[in-house]
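**Student:** Sequence plus predicted model, see below.
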Amino acid sequence: MATKVDKKNAIRQGITEAEIVYCQNLAGKTFLYVCGDEYFEVSFPIDHFLHLTGVETRLSTKDFYKNAKKSILTNNQFYFDARHVYANAKRKLPCLKRLPELTNEMVCVLKNMKTMTITYKLSVTNLEFTGSVTRKPKRYTGKKD
């Protein structure tokens, strides 16, 4: 059975691996999704990387990203709490590594996708996994002019 240190090491390694994928494919980029007569943009600034990992930290979002990028992120620089539980981080990291698939493959766009606990305003799926937002992206424009 894995110890707490083993679990944290695995999450740290997952964050470092995910940062490589994020940096090479997503960081600083904006993607336009067109669905019928509606469209929206999704951007991937480096200060959103922390949220996508599912962990909490006392570092700034930019310092967290830099440490992950330089592979100097330590187990003491992130933690889990009631809002950022280990199980969620463990689930999120494999999806984060696959996130570029939602920008370079055919996808389905879902509006108002309901689960048992929440309704997501917009979701994008390649039918293997889904990325969702609970509110409309800032650049959501609805119908084309």
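**Tutor:** All right, it came through fine. Residues are numbered from 1 along each chain as shown.
**Student:** Just the strands from this structure, written as ranges.
**Tutor:** Per DSSP state E, the chain carries strands over the ranges 30-35, 38-43, 108-114, 119-125, 130-133, 142-143.
**Student:** Turn the ones you listed into a markdown table, including mean pLDDT and distance to residue 13.
**Tutor:** (Glycine included, C-beta is placed from N, CA and C.) A markdown table is the format used below for the strands of the chain (pLDDT from 0 to 100; distance: least, C-beta to C-beta, whole Å):
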| stretch | mean pLDDT | distance to residue 13 |
| --- | --- | --- |
| strand 30-35 | 91 | 27 |
| strand 38-43 | 90 | 27 |
| strand 108-114 | 89 | 31 |
| strand 119-125 | 88 | 27 |
| strand 130-133 | 80 | 22 |
| strand 142-143 | 50 | 41 |
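**Student:** The residue nearest the centre of the chain and residue 5, how far apart?
**Tutor:** The chain has residue 52 as the residue nearest its centroid, 3.1 Å off, counting by C-alpha atoms, centre = their mean. As for residue 52, its distance to residue 5 is 24 Å (criterion: C-beta to C-beta, to the nearest Å).
**Student:** What of residue 28?
**Tutor:** If you go by C-beta to C-beta, the gap between residue 28 and residue 5 works out to 34 Å.
**Student:** swap in residue 48?
**Tutor:** Residue 48 is 28 Å from residue 5, where distance means C-beta to C-beta.
**Student:** In the longest helix along the chain, which residues are buried?
**Tutor:** As assigned by DSSP state H, the longest helix anywhere in the chain is helix 4-25. Neighbour-count burial for helix 4-25 flags 8, 11, 12, 14, 15, 16, 17, 18, 19, 22 (criterion: 16 or more other C-beta atoms under 10 Å).
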